[in-house]
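Visitor: requesting a structural model of the entry that follows:
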Amino acid sequence: MSSDDEPQDPQMPVPSSGDSPRGESFPQSLIIDRQSVRHLSASKLRWVLLAVAVGAVLASLVGLFVTGFDNEKGLEAHNPGAPVQSVLDKEFGTAARGDCLSWSKPDRSDLVKVACSNKHLFEVAADIDMSKYPGVEFGPGSRFPDSLRLTELKEEHCVPSVQQYMGGRFDPRGKYVVGLMYPSPDGWKHGDRTLRCGVQYSGSSGTPLAASGSATDHDQSKVFEPGTCLGINQNLPTDPVDCAQAHAVEIISTVDLAARFPGGPPAKEEQDRFVEEECTRAVTDYLGSPDAVRNKTLTLFFDYLDARSWLAGSRKLDCMIGKGTDREGFAPIIGSARGEILINGQAPVPPPNSGRSTPTPLPGAAPLPPQPQPR
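Guide: Coordinates of the predicted model:
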């Protein structure tokens, strides 16, 4: 199958349809220094919201599906007319509920089944034979569905299948998204009508990220290891990159809310207070000095968990540091904040010290605003 046969960039599925933004309001961001408390402007608050919103939209627009496959020899998966079955034919054609799949080539021609305890890119929640459905849409000789119809099939069949697979505890704002694998056009022509629904760990740009362990057994919180830097594109955060490359934010720690809040979902204000305290301690340990954030002119950011994420079992949030711009977006940073950094290509200049004896300042702290989920 040529690239012309596939929907646009089929590497990743779209996130499930969402409802409303997280929460209805959020506190103004603060930067606390020795001289004053400086409130961030409304435009600066808007760019943080835009960063999250556009990242989610990119994930939905860039990655629609995981498609049918071709292997290196041109033998199509699910093609009963092929004289010899490739490894891909056997692996993909027999993938069933609970199987985990992985690949390394862009055309996914080296797709294999792996143990879910190992790193993988797709976990099958259900395989659905559409030829068993009444009507002519999926009958012999029927037309291969277009991208719009495939999107509808994913919503109709994969979203409920994943919910069932996850025992009703799927976090729509967590690290997993609902995915769809479907036959190639040639496989469809030869009678294959099997859809495979599943879950994937999705990057903000739609790039599939490796996951280890079954999604049914894990906290679904979308968190990264401390020291991870998230890239930047058009002033917005993207996927993990080497910190020596331009990036928007750097992860400094992960906060587990389970110990402080053992019951139901805590109020956002309670979460904010707890997470800010934890992140403030963590950034001092991470950078080695309580003055480092101020001297590097950075700001501490964190998110919060809404009721849906909490009820799905998510309990963790990341603390991250970055630099906002006067316009909308993040400033590009090169280098880890633990060492020397460049912001917009320049070394940061620490703000002046008044010379008066004042308490040690806290690093700036800014809760991330509501994160809308695109439909």
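
Visitor: and the nearest residue to Thr297 once chain neighbours are set aside, which of the three is it?
Guide: Nearest in space to Thr297, with sequence neighbours left out and distances taken as CB to CB, 6 or more residues apart in numbering, is Pro348 at 4.5 Å. The way it works is simple: take the backbone N, C-alpha and C, and place the C-beta from them, glycine included. The three-state label given to Pro348 by DSSP: H, G, I helix; E, B strand; the rest coil is coil.

Visitor: go on, the one 4 residues further on?
Guide: The three-state label given to Pro352 by three-state DSSP is coil.

Visitor: re earlier: relative to Leu230, how far out is the residue nearest to Thr297?
Guide: Between Pro348 and Leu230 the computed distance is 19 Å (CB to CB, to the nearest Å).

Visitor: more neighbours: which of the two?
Guide: Leu230 (24 against 18; other CB atoms under 10 Å).

Visitor: identify each buried residue in the helix or strand containing the more buried one, please.
Guide: Here Leu230 sits within strand 229-233, counting by DSSP states H and E. Buried residues in strand 229-233, counted by 16 or more other CB atoms under 10 Å: Cys229, Leu230, Gly231, Ile232, Asn233.

Visitor: the residue nearest to the second one when sequence neighbours are not counted sits in which helix or strand?
Guide: Leaving out its chain neighbours, the residue that sits closest to Leu230 by CB to CB, 6+ apart is Pro237, at 4.4 Å. Assignment of secondary structure by DSSP H and E places Pro237 within strand 236-241.

Visitor: what's Lys105 sitting at in phi/psi?
Guide: Note on Lys105: its backbone torsions stand at phi -90, psi 150 [degrees, to the nearest 10].

Visitor: in contact with the residue nearest to Leu230, which residues?
Guide: Pro237 makes contact with Ala51, Gly55, Ser204, Leu230, Gly231, His247, Ala248, Val249, Gly322, Phe330 under the criterion CB atoms under 8 Å, 6 or more residues apart in numbering.

Visitor: look up how far Pro240 lies from the third one.
Guide: Computed as CB to CB, the Ser204 to Pro240 distance reads 10 Å.

Visitor: tally of neighbours for Thr94?
Guide: Using other CB under 10 Å, Thr94 has 10 neighbouring residues.

Visitor: if we can go back for a sec, I figured the residue nearest to Thr297 hits Lys296, correct?
Guide: Yes: at 5.0 Å, Pro348 and Lys296 qualify as touching, with contact defined as CB atoms under 8 Å.

Visitor: overlap in contacts, these two.
Guide: Residues touching both Pro348 and Lys296 by CB under 8 Å, 6+ apart: Ile341.

Visitor: related to what we said a few turns ago, nearest to Val199 among the buried residues of strand 229-233?
Guide: For those, the residue nearest Val199 by CB to CB is Leu230; the value is 21.7 Å.

Visitor: quick check: that closest one vs Asp171, distance?
Guide: Separation of Leu230 from Asp171 (CB to CB): 20 Å.

Visitor: equivalent analysis for Ser309, please.
Guide: When Ser309 is compared with Asp171 (using CB to CB), they lie 5 Å apart.

Visitor: shared neighbours of these two, anything?
Guide: Counting by CB under 8 Å, 6+ apart, the residues touching both Ser309 and Asp171 are Gln220, Ser221.

Visitor: circling back to that earlier point, give me the angle between the helix or strand following the strand holding Pro237 and strand 229-233.
Guide: Under the assignment DSSP H and E, the closest C-terminal helix or strand after strand 236-241 is strand 247-256. For strand 247-256 against strand 229-233, the angle by axes from the mean of the first three to the mean of the last three CA atoms, to 10 degrees is 140 degrees.

Visitor: what mean pLDDT does the strand holding Pro237 have?
Guide: For strand 236-241, the mean pLDDT works out to 89.

Visitor: could you find the closest non-adjacent residue to Thr228?
Guide: Ile251 (4.5 Å).

Visitor: tally of neighbours for the one you found?
Guide: Ile251 has 19 nearby residues by other CB under 10 Å.

Visitor: show me the helices in the stretch 51-200 of the chain, by range?
Guide: Using DSSP state H, counting those that start in this stretch, the helices of the stretch 51-200 of the chain run over residues 87-93, 147-153, 159-165, 185-189.
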